[in-house]
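*Asks:* coords please:
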Amino acid sequence: MMSKDNVVSTDKLVHVKREFGFPNDFLVNLVPKYPDYFRLVGNPGEGNSFLELVSWNPRFAKSVIEQRADEESELTGVKIRPSFNWKLPPGFLIRKEMREWIRDWMERPYISPYDDASKLDQASQEMEKRTVGVFHELLSLSLYKRIPVPILGKFTEEYRFSNAFSTVFTRHSGIFYTSLKGGIKTAMLREAYKGDELIDRDPLLKVNDNFVELLDEGHKQREEQLNLQKQAVKNEIDMFLLTAMELIMFPAFTSVPMHSLAFKLISGNETASLSNDTNFELKCRVVCLLGRSEAAHDNRGFIENIFARRNFRWSRTWQP
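*Replies:* Presented below is the predicted three-dimensional model:
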């Protein structure tokens, strides 16, 4: 509705789909759902496809600035004229001549980006006012209230931008802010941010945040399940190692659970957790104490290997 002849190249729209939250298949599934508003001309992807406005709806042809003025007028009962919010960071000083220029420029009537600009002189103050309005509206409609300047430059023809359109962002630094983060020149709407924080988040961003939280919760649950599985495998390995040591060192006791015999001799307790490191070491110590035999000496390397796997030390005070 802001473009010349109410037509925009579909290839250019694809370039800004992330900035405005368009789905990947918006040309295939979204546009055909609204035949009363849009018409797709040509074949997308071939360089000659366009999205054309079918009917003009006055309700949609009202900028964010105009809507804000209407809301303030309704609240105060006083007619508020549409105007830009000029906001500079604390401690930012401008010269007197610049302040006077800003004051004169702000006092000029607001020109809606949806108004016909075909009769405006490209070098006139009115055209500059209209260009600022177009950029303000585009940034306001974007998800993060910011768009890379090279992407905005792709729409020079559609929105009648001059070749030096990027100077608008520096000339009107109270309305826009230019970021060079990541080596990409990005135009940001100053009034939309408080420091680095976006003030008014788009509903789509809230949906995205909820989706990310859901994914994080799923990853957390999956991690907990994996930890439980690892612990179960660890317990099975503990049981296997202990049983293998019993079979090798004490074949005569294979009919009696070695962990029960060990705890009977030491503490009289027949029940203990096989996953507990201290209990496992105690079992190995009992095996060594009882194993002052040829089998124990022959299999010392096997026991030391078990201790190495469990990060235990072979103590001289209780070695066979």
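*Asks:* Now do the strands in the stretch 51-200 of the chain.
*Replies:* Listed in chain order, the strands found in the stretch 51-200 of the chain under DSSP state E, counting those that start in this stretch are 146-148, 176-179, 186-189, 193-194, 197-198.
*Asks:* so what's the closest residue in space to residue 129 that isn't next to it in sequence up against?
*Replies:* Closest residue to residue 129 apart from its sequence neighbours, by C-beta to C-beta, 6 or more residues apart in numbering: residue 111 at 4.9 Å. Any C-beta I mention is one placed from the backbone N, CA and C, and that applies to glycine too. The neighbours of residue 111, taking C-beta atoms under 8 Å, 6 or more residues apart in numbering as the test, are 117, 126, 129-130, 133.
*Asks:* isn't residue 200 right up against residue 192?
*Replies:* Yes - assessed by C-beta atoms under 8 Å, residue 200 is found in contact with residue 192 at 6.6 Å.
*Asks:* Looking at the two now, which is surrounded by more residues?
*Replies:* The residue with more neighbours, out of residue 200 and residue 192, is residue 192; 19 against 10, by other C-beta atoms under 10 Å.
*Asks:* still on that earlier bit, of the contacts of residue 111, which is the most crowded?
*Replies:* Counting neighbours by other C-beta under 10 Å, residue 133 leads these with 24 neighbours.
*Asks:* Could you find the closest non-adjacent residue to it?
*Replies:* Per C-beta to C-beta, 6+ apart, closest to residue 133 is residue 113, 4.4 Å.
*Asks:* What are the phi and psi values at the one you found?
*Replies:* phi -70, psi -10 (degrees, to the nearest 10).
*Asks:* Tally up the residues packed near it, please.
*Replies:* 24.
*Asks:* and the gap between it and residue 237?
*Replies:* Shown here: residue 113 relative to residue 237, a distance of 69 Å by C-beta to C-beta, to the nearest Å.
*Asks:* next one: residue 10
*Replies:* With C-beta to C-beta as the criterion, residue 10 and residue 237 are 60 Å apart.
*Asks:* Pick out whichever of those two has more residues nearby.
*Replies:* More crowded of residue 10 and residue 237, by other C-beta under 10 Å: residue 10, with 21 against 13.
*Asks:* For the more buried one, give me its contacts.
*Replies:* Here residue 10 is in contact with 27, 40, 42, 44, 49-51 (criterion: C-beta under 8 Å, 6+ apart).
*Asks:* Of those - the most surrounded one?
*Replies:* Counting by other C-beta under 10 Å, top hit in the contacts of residue 10: residue 51 with 22 neighbours.
*Asks:* Surely that residue touches residue 34?
*Replies:* No - using C-beta under 8 Å, residue 51 is not in contact with residue 34, being 10.9 Å away.
*Asks:* Would you map out the domains in this protein?
*Replies:* What automatic domain parsing lists as the domains of the chain is 1-61, 63-200, 207-309.
*Asks:* Distance from the chain centre to the first one, please.
*Replies:* Which is domain 1-61. 26 Å (C-alpha atoms, centre = their mean, to the nearest Å).
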